[in-house]
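Trainee: Need the 3D shape of this:
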Amino acid sequence: MQNYKPFFIYWLALYALVQAPYREGDVILGGEVPVHLPGTSEGECSELFTSGLARTLAIIYAIEKINNDSTLLPNITLGYDIRDYCESLPRATQITFDFVQNSCNTNVTKSDMKKKKSIVAVIGLTESRTAIVVAGILQTLNASGVSPSATSAELRSHDYKHLFRMAPSDSFRAKAMADLVEHFNWTYVAAVGQDDSFGRSGLWSIVKEAAVRNNSFCVAFTEFIPGESQLSSIRNIVTKLGRHENIRVVILWLYGSYEKYFLSEVIRQNLTERVWILSDAFTSLAQPGASTLVGSIGIQPHNFYDTRFEGHRKGLTMTALQQYFPEWWGEIRSQIKNCSSSKGDEMKMDPCLRDFVQNLRISYTPYVIDAVYSVAHALAILGTVHFL
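Mentor: Residues are numbered from 1 along each chain as shown. You can find the predicted model right below:
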C-alpha cells in the first residue's frame, strides 16, 4: 500500500485543483479567485471566504449579461473556467500554467472561435503578491490577465505590461490615509502590514507621506506579518500594540486572511480604545465582537453601485446558490444552516440566507464586472483571439 500513497495524494491534489465552476462557450475566460482562506501549511485551504464567492458570482453574472447582449460579441458565447487558489502562490501559478499551456502563441481568427476552446484571458488575481508573480508568468508566455483589485505600486512597472488593472494604485490610498491623520491632528501612529509587495509598498508609502508633510505625524513603529508564521506573528504584534498604550491610532495594510486573523486577534485580546485605519473595507466587521472596532475608518476605491447586480444578488435563493456554486455547495449550505439565527429552528433559515447573501457584496464587485467587460470589448474591437 505504501507505493500507492504518493499517487493517491497527487490525485487528491489534482481533484482539488480542477474542481471549479465551468461553462462551455465559443470563447472561455479563465478565473483565479480565492474562494477559501489559506490553511496553516503552504498550498492548503481552510474555511470558505465569502469575498471570493462574491468575486466568482460577479464574473459569472458579467459573462451571462454579455451573452444576453446581442450587440456585444454577437453570435459568440462566452464560457468560463473559474479556479480557487486559496491565496496560495503555488496553486495560483499552477492554475495559470494550466490555463496557458494549451493555448499560448495561438492566433485564432473570428471564424475559428467556435472551433477553439482556448482561454483568452485570465480574470482575478485578487491580491498584489499573487498578481505580481502571475504577471511575470503571463509576460513570459505572451499571455494577458486583468486584475480587478491588485493595487501595489510595483505593478506599474513595464515588466508587468501583460497584466491590466481596474483599481487605482496604492499611492492614492496612502495619501488618503495621511490626509485623515493630518485632519484629525493625530501625531503618533503605528503601522502594520503583511510582508509582501502590497504591505511593504503600502507602509513605506505612509512613511514617505509623513516625510513629505514635514513630519506632521510620526510613524512610531512598523510591523510586518510574514506568511510562514502568520498566526503567531499576529498574536505577538497585537500584544505589542496592547503594551503601547500611548499609541491610539493604528494603520493596517492587510488583506484577506491577514486582515481576518488580525482583527479576530484584536477582538480576542479585547484591544479597545484604538482607532484603526484600514487599507480596505472587509467582512470581518460583521463577526461577533466587532464592537471593538467601532470608530474604525476603511479606505477603498470608489464603489460604483451596480443596481442590476445588486438586484440579482439580493434575489439569490438556496436553489440559485446551489446552481452557481455546486462545487462548494456543501460548505455554503453548512455555513447558512449553522449560523446563530438558525440553531435549533429551521424556520429561521431565511435570516441566515439573507445574512450570507449580504456578505456576497464587496466593494470591488463593479471592478470585477468591468474586468470581464474589458476583455469582451477587446475581443469585439480586435476581432481575433490573441490574448493567450
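Trainee: could you point out which element follows the helix or strand bottoming out on mean pLDDT in the chain?
Mentor: Taking mean pLDDT, DSSP states H and E as the measure, helix 5-18 is the helix or strand of the chain with the lowest mean score, a mean of 38. Sequence-wise, the next helix or strand beyond helix 5-18 is strand 22-23, with elements assigned using DSSP states H and E.
Trainee: Each with direction, which strands does that next one pair with?
Mentor: Applying DSSP bridges to the sheet, strand 22-23 is found paired with strand 78-84 (antiparallel).
Trainee: Kindly provide the distance from the spatially most central residue of the chain to N270.
Mentor: Using C-alpha atoms, centre = their mean, the residue of the chain that lies closest to the mean C-alpha position is T126, 3.7 Å off. Note on T126: its distance to N270, by C-beta to C-beta, to the nearest Å, is 31 Å. (C-beta placed from N, C-alpha, C; glycine too.)
Trainee: repeat for R235
Mentor: In this view, R235 and N270 are 14 Å apart by C-beta to C-beta.
Trainee: can you check S363 too?
Mentor: Applying C-beta to C-beta, one obtains 28 Å for the distance of S363 from N270.
Trainee: Could you check which of those two is surrounded by more residues?
Mentor: Set S363 next to N270 and count neighbours by other C-beta atoms under 10 Å: S363 wins out with 19 against 9.
Trainee: which residue ranges form the helices in the stretch 1-150 of the chain?
Mentor: Listed in chain order, the helices of the stretch 1-150 of the chain (DSSP state H, counting those that start in this stretch) span residues 5-18, 50-67, 89-100, 128-140.
Trainee: Remind me what the third one packs against, helices and strands.
Mentor: This means helix 89-100. Counting contacts by 3 or more C-beta pairs under 8 Å, 6 or more residues apart in numbering; DSSP states H and E, the secondary-structure elements packed against helix 89-100 are helix 5-18, strand 27-33, strand 78-84, strand 119-124, helix 128-140.
Trainee: try the second one
Mentor: Contact here means 3+ C-beta pairs under 8 Å, 6+ apart; on that basis helix 50-67 packs against strand 27-33, strand 78-84, strand 119-124, helix 307-314, helix 318-324, helix 365-382.
Trainee: and F221, how many neighbours does it have?
Mentor: Around F221 there are 14 other residues, counting by other C-beta under 10 Å.
Trainee: If you count neighbours, what's buried in the strand or helix carrying it?
Mentor: Mapping F221 onto the secondary structure by DSSP H and E places it in strand 218-225. Of the residues in strand 218-225, V219, T222, E223, F224, I225 count as buried by neighbour count, 16 or more other C-beta atoms under 10 Å.
Trainee: Distance to R248 and pLDDT added to those, as a markdown table?
Mentor: Putting the buried residues of strand 218-225 into a markdown table (distance: C-beta to C-beta, whole Å; pLDDT from 0 to 100) gives the following:
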| residue | distance to R248 | pLDDT |
| --- | --- | --- |
| V219 | 14 | 92 |
| T222 | 17 | 92 |
| E223 | 16 | 94 |
| F224 | 21 | 95 |
| I225 | 21 | 94 |
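Trainee: for those, which one is nearest E154?
Mentor: Distance from E154 was checked for each of those by C-beta to C-beta. The minimum falls on F224, at 15.6 Å.
Trainee: In contact with the closest residue in space to the closest one that isn't next to it in sequence, which residues?
Mentor: Leaving aside its sequence neighbours, F224 sits nearest to D195 (C-beta to C-beta, 6 or more residues apart in numbering; 4.0 Å). For D195, the set of contacting residues under the criterion of C-beta atoms under 8 Å, 6 or more residues apart in numbering consists of F224, I225, P226, G227.
Trainee: wait, R235 sits on V266?
Mentor: No - when contacts are counted by C-beta atoms under 8 Å, R235 is not listed as touching V266 (10.6 Å).
Trainee: Just want to know which of these two has more residues nearby.
Mentor: The neighbour comparison of R235 against V266 (other C-beta under 10 Å) goes to V266, with 25 against 16.
Trainee: Chain neighbours aside, what residue packs nearest to the more buried one?
Mentor: Of all residues not flanking V266 in the chain, V238 sits nearest, at 5.7 Å (C-beta to C-beta, 6+ apart).
Trainee: contacting residues for that neighbour?
Mentor: F262, E265, V266, Q269, L271.
Trainee: didn't the third one look like it was pressed against L278?
Mentor: No - V266 is not in contact with L278 according to C-beta under 8 Å; the separation is 11.3 Å.
Trainee: can you list contacts of the helix or strand hosting W276?
Mentor: Here W276 is covered by strand 275-278, with elements defined by DSSP H and E. Judged by C-beta under 8 Å, 6+ apart, the contacts made with strand 275-278 from elsewhere in the structure are 177, 180-181, 186, 189, 248-252, 254, 259, 266, 293, 295-299.
Trainee: Poorly predicted segments of the protein, please.
Mentor: Low-confidence segments of the chain (pLDDT under 70): 1-20, 43, 102-117, 281-292, 340-349, 384-388.
Trainee: S197 versus R156, what's the distance?
Mentor: 12 Å.
Trainee: Repeat that for E331.
Mentor: Distance check for E331 against S197: by C-beta to C-beta, it reads 30 Å.
Trainee: Show me the contact partners of stretch 148-159.
Mentor: Contacting residues not belonging to stretch 148-159 are listed as 55, 123-132, 135-136, 139, 147, 163, 165-171, 173, 197-198, 201-202, 205, 364, 367-368, 370-371 [C-beta under 8 Å, 6+ apart].
Trainee: Likewise for stretch 38-45?
Mentor: Contacting residues not belonging to stretch 38-45 are listed as 16, 36-37, 46, 84, 86-88, 90-91, 228, 231, 257 [C-beta under 8 Å, 6+ apart].
Trainee: Let's verify the residue nearest to V266: helix, strand, or coil?
Mentor: Using DSSP: H, G, I helix; E, B strand; the rest coil, the structure places V238 in helix.
Trainee: bridging residues for L252?
Mentor: Checking L252 by DSSP bridges, which sets the bridge assignment, gives partners V192, L278.
Trainee: That one contacts S279, doesn't it?
Mentor: Yes - L252 sits in contact with S279 when judged by C-beta under 8 Å, with a separation of 6.1 Å.
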